[in-house]
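J.: sequence-free structure coming up:
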């Protein structure tokens, strides 16, 4: 079975700025479809809007651009998405509360355990937020372990990459932002555009099950 390319990005924070933290994976067999989408945005419809933008980010986009991107993503047949939601008020463990890296890995582990990807070969890219090599290796080992609990004989590559270099990470940002906006601000217009592509699960439900 052919490879699936998985891109992971998040919205919200693990401190006190937001009530929720959302981490989202999108996956696709042909990542060039996402490259083509961004190239078309830059060359045609949103050329002026994106002229000085190093990368596409939902939080810095106009309403028109956000709607357009999400609609185009919803029209890619093979694209799938899964978001895991952390309601921070539900986390009572000091072990997690007092270490953001540990909490981040924990939420990513919940995401990895929830992914239904029909491939044994996964190439995963995560937004490069963990600068230290030791933290990256800890993340890679934990998430790979969780993915192999679902399909034990998977071949997994994990890369920590700058989002401006990868279309998939930029598109994951838009999906994650739409889910986060629905929860944090009760604004679901953007989410409704993409909702048929997105499965959602909750960390706190998994904790209490």
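T.: Structure's in. What do you need? As the structure is a computational prediction, the values presented were derived from the model and not from experiment.
J.: which other residues reach stretch 106-115?
T.: 6, 8, 21, 23-25, 27, 82, 84, 86, 96, 139, 142-143, 146-147, 149-150, 199, 201, 203, 206 (CB atoms under 8 Å, 6 or more residues apart in numbering). C-beta coordinates here come from the backbone N, C-alpha and C atoms, glycine included.
J.: pull out the buried residues from the helix or strand harbouring residue 110.
T.: Here residue 110, judged by DSSP states H and E, is contained in helix 100-114. Neighbour counts over helix 100-114 (16 or more other CB atoms under 10 Å) mark 102-114 as buried.
J.: returning to what we had before: among the contacts of stretch 106-115, which are in helices?
T.: If you go by DSSP state H, the contacts of stretch 106-115 have 96, 139, 142-143, 146-147, 149-150, 203, 206 in helices.
J.: report the beta-bridge partners for the residue nearest the centre of the chain.
T.: Closest to where the C-alpha atoms of the chain average out (CA atoms, centre = their mean) is residue 24, at 2.8 Å. Applying DSSP bridges to residue 24 gives these bridge partners: residue 9, residue 83.
J.: isn't it right next to residue 175, touching?
T.: Yes - at 5.2 Å, residue 24 counts as touching residue 175 under the criterion of CB atoms under 8 Å.
J.: overlap in contacts of the two?
T.: Taking CB under 8 Å, 6+ apart as the contact rule, residue 24 and residue 175 both touch 81, 83, 198.
J.: any idea how far residue 65 is from the residue with the largest distance to the centre of the chain?
T.: The outermost residue of the chain, judged against the average C-alpha position, is residue 48 (27.1 Å), by CA atoms, centre = their mean. Here the criterion is CB to CB, to the nearest Å. By it, residue 48 lies 11 Å from residue 65.
J.: brilliant, that's me finished.
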